[in-house]
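S.K.: A structural model of the following input is requested.
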Amino acid sequence: MTNSLSDRTYLFNRHRLSHQQIDRWLGENRSKEFVQEKLKQLDAVKNFLSVTDLLTQNGISFICIKGPLLSNRIYGDPTVRLSHDIDILIETAVIEPVMKILFQNGYHLTTGSIWPLKKAQQELLIDVIHHLSFYNQQLYLCVEVHWVLMHELPISSKKQKELIAGNLTEVDFAGRNFTVLTKEFELLFLIIHGAKHGWNRLKWLVDIHMYPLNKINNARFDQLVKELKAGRMIGQINFLLSKFFNTPLPFTSDKHTPRYLLQYSIQSIDSEIPLQLSLRDYISSFRNQYLMYPGHYYKYKMIARVFFRPLDIELIDSSFKIVYYLYRPYSLIIRRLFHVR
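M.R.: Numbering: from 1, shown residues only. Alright, predicted model coming up:
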C-alpha cells in the first residue's frame, strides 16, 4: 500500500473523496478549511433540483440514481458525496421527449454519444448501451439519461426491469417527492457498480462502509444477491472492507470468489487511472468484468459487447444487426494494418 492513501490532495483528486469523507478516512477535522468545495457541492444540489424540476414540469417520470439523494441517505447531508453528474433512469418510450427537453435547455450530446435517426439503429443502441450523456456548457453540468440501470448482468433486461419495479420507494427532499431504489437494491447496485470499475476509486468503498446497514432488510438483500447472482461481488467487497475498515458486510457471500477479483481490486486502488487504456489494461479490465458473475449467458453478453462499438452505427446503414457486430473486428484489422481511424 502506498503512502498516497494518507495524502489529502491525492484522496481528493484521485479517489474523489470529499473533505468530510477524507476527515473520516484520516481521522482529522479539517473540512471547514475547504469552503469553496462545499459551495461547489451546494451548487451541484441546486443544479440537480433544476434538472429534475424541468423533467417533472414536463410530465416525465424518472428514478434518481446516486447524486445528492444518495449522499443524503448515507450521510444525512446532500453535499458530503462529490457529485459531478446527474443520473436518472427512465423508460425507453420517453428517451426522445427527454432529449428534446434537454436540447431546448442548453444541453447537447457529449462526444462519443450518438442517437441515430433510424428506428432500427435506435433499437440496436438501446440493446447494447445503457445511457446517453448530455452536457450544458454554461453550467458545466453533465446529465446521464439511463434506460437500463446496468447492462452487464447475468439476467435479461426484462428481468432487471421487473426487479427494479419491485424495489422502488419514495423520498422527500427539498420540498419535492422523488422515486429512488430501495436501500437493499441501492446498496447492491453500489457494490456491483464499484466492482465493474474494479474499485479504482475509494469513494465507492467509503459509501458502502458508511451505508446505514441498520435499515437494511438482510433477508431481502440476500435474496437480491441470489437473483442477480452477485455472490462473488459480496466476497470481493467483504475482502476490501475487512482490509481497509476491519468491518465486512453481514451478508451471504460466495466462498468461491475468484482470487483475481481480489487482486485486481487492490491493484486498481493502488494504481493511477490511465488517461487511455493500453491493451494490457483493457485485457485486465475485461477479465475482471468477465469473472464477476458465473454462467454462460453473462459471458456471452460480455463477449458480444466486445464486437460492438456505438460509433460504428454512424458508419453503417443496414437493417441487419449482425452487420454491426461483424464490422468492429473488420475495422480493427483495417486500422491496425493501415493505421487509419
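
S.K.: ok, and what's touching stretch 85-100?
M.R.: Residues from elsewhere that reach stretch 85-100 (Cβ atoms under 8 Å, 6 or more residues apart in numbering): 47-48, 51-52, 55, 58, 60-67, 115, 126, 131-134, 141-147, 149, 164. From N, CA and C alone the C-beta is placed, and that goes for glycine too.

S.K.: same thing but at 6 Å, please
M.R.: The contact list for stretch 85-100, computed with Cβ atoms under 6 Å, 6 or more residues apart in numbering, reads 48, 51, 60, 62-63, 65-66, 126, 142-147, 149.

S.K.: how about that stretch: buried residues?
M.R.: 85-90, 94-95, 98-99 (16 or more other Cβ atoms under 10 Å).

S.K.: How about stretch 133-141?
M.R.: Result for stretch 133-141 [16+ other Cβ under 10 Å]: buried residues 133-136, 139, 141.

S.K.: residue ranges for the strands of the protein, please.
M.R.: 63-65, 85-89, 107-109, 131-136, 141-146, 168-173, 176-181 (DSSP state E).

S.K.: if we compare these, which one ends up closest to H256?
M.R.: strand 176-181 (27.9 Å; Cβ to Cβ).

S.K.: ok, now how distant is I234 from L205?
M.R.: 14 Å (Cβ to Cβ, to the nearest Å).

S.K.: I283 now?
M.R.: Taken as Cβ to Cβ, the span from I283 to L205 is 24 Å.

S.K.: quick one: contacts for the nearest residue to N200 once chain neighbours are set aside?
M.R.: Distances taken as Cβ to Cβ, 6 or more residues apart in numbering put S268 closest to N200, at 4.0 Å, once the chain neighbours are dropped. Contact analysis of S268 by Cβ under 6 Å, 6+ apart lists 198-200.

S.K.: which of those residues lies closest to L190?
M.R.: Of these, the one sitting nearest to L190 (Cβ to Cβ) turns out to be W199, at 11.2 Å.

S.K.: tell me the pLDDT at that closest one?
M.R.: Per-residue pLDDT puts W199 at 96.

S.K.: right, and it touches I266 too?
M.R.: No. With contact defined as Cβ atoms under 6 Å, W199 does not count as touching I266 (8.3 Å).

S.K.: Drop anything exposed from the contacts of stretch 85-100.
M.R.: 48, 51, 60, 62-63, 65-66, 143-147, 149.

S.K.: The nearest residue to I237 once chain neighbours are set aside and Q104: what is the separation?
M.R.: Nearest non-adjacent residue to I237, counting by Cβ to Cβ, 6+ apart: I191, 5.2 Å away. Distance, I191 to Q104, using Cβ to Cβ: 37 Å.

S.K.: Of these two, which one has the most company?
M.R.: Counted by other Cβ atoms under 10 Å, I191 and Q104 do not tie: I191 has more neighbours, with 26 against 10.

S.K.: roughly how far apart are L124 and D317?
M.R.: Remark: distance between L124 and D317 (Cβ to Cβ) = 12 Å.

S.K.: Those two: who's more crowded?
M.R.: More crowded of L124 and D317, by other Cβ under 10 Å: L124, with 21 against 11.

S.K.: From R81, how far out is the closest residue to the more buried one other than its chain neighbours?
M.R.: Distance criterion Cβ to Cβ, 6+ apart; nearest residue to L124, sequence neighbours excluded, is K321 at 5.5 Å. Counting by Cβ to Cβ, the gap from K321 to R81 is 39 Å.

S.K.: the more surrounded of those two?
M.R.: R81 (27 against 15).

S.K.: And for the more buried one, nearest residue in space, chain neighbours not counted?
M.R.: That would be S71: by Cβ to Cβ, 6+ apart, it lies 3.8 Å from R81.

S.K.: Could you measure from I65 over to Y135?
M.R.: 18 Å.

S.K.: Any stretches of this protein with poor pLDDT?
M.R.: 1-3, 325-341 (pLDDT under 70).

S.K.: coming back round to it: quick one, what contacts the residue nearest to R81?
M.R.: So S71 contacts 78, 80-81 (Cβ under 6 Å, 6+ apart).
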